[in-house]
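**Q** here is a sequence with its predicted model. Questions after.
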Amino acid sequence: MFENKIEEINSYLKKEMWYDFEILEYKKNCLTIIGSTDFTYSHSIEIKFEDVFLSHFNTEWKSDTTKNVIEVVSGDEARIINVKNRVEQGYILFKFIPEDMEKNCFFYIAAKNITYNIDTVFYSYKESLNENERIANWVK
């Protein structure tokens, strides 16, 4: 189930040579990460993790999209991270793979659900919007 969403996200991200990511919001156990090739004007993906138990990552990073950017972690790697961080059963462990970091430096999130949105979200007012475009809710 989660693997399909992860595959869809990675497939979308591979349309660009890289993506920058940052935290948009983290409240009430919901974490929203946004991605863009240029945060000056807009972002083009929002990845939302719901019922977050663990978050271990930088607030901003870059990823090489010729490879997978995000994965569902399983096997020994999941067991080691889950035991080390006392992650309760029922949470899915996700891993972001940043670029320009030490080898085997990954960012982990344990959550019960993941959703994503691929609207282009503009950071300033725009007269007319196309389908799948919107103005950020903080723009007045």
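**A** Sure thing, it's come through.

**Q** for the rest of this, base every contact and every neighbour count on C-alpha atoms.
**A** Fine.

**Q** span of stretch 29-48 from start to end?
**A** 10 Å (Cα to Cα, to the nearest Å).

**Q** what residues does that stretch touch?
**A** 16, 18-26, 49-53, 114-124 (Cα atoms under 8 Å, 6 or more residues apart in numbering).

**Q** by residue count, which helix of the protein is the longest?
**A** helix 2-13 (DSSP state H).

**Q** can I get that helix as CSV, trimmed to CA atoms?
**A** In CSV, the C-alpha atoms belonging to helix 2-13 read as follows (Å, rounded to 0.1, in the frame of the first residue of the first chain):
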residue,chain,number,x,y,z
PHE,A,2,2.6,2.6,1.0
GLU,A,3,5.1,1.2,-1.5
ASN,A,4,2.7,2.4,-4.4
LYS,A,5,2.6,5.9,-3.0
ILE,A,6,6.4,6.0,-2.6
GLU,A,7,6.8,4.7,-6.2
GLU,A,8,4.4,7.5,-7.4
ILE,A,9,6.3,10.2,-5.5
ASN,A,10,9.7,9.0,-6.8
SER,A,11,8.4,8.8,-10.3
TYR,A,12,7.1,12.3,-10.1
LEU,A,13,10.4,13.6,-8.7
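
**Q** counting by contacts, list what the helix or strand bottoming out on mean pLDDT in the chain packs against.
**A** Lowest mean confidence among the helices and strands of the chain (mean pLDDT, DSSP states H and E): strand 60-64, at a mean of 86. Identification of packing neighbours for strand 60-64 by 3 or more Cα pairs under 8 Å, 6 or more residues apart in numbering; DSSP states H and E yields strand 18-27.
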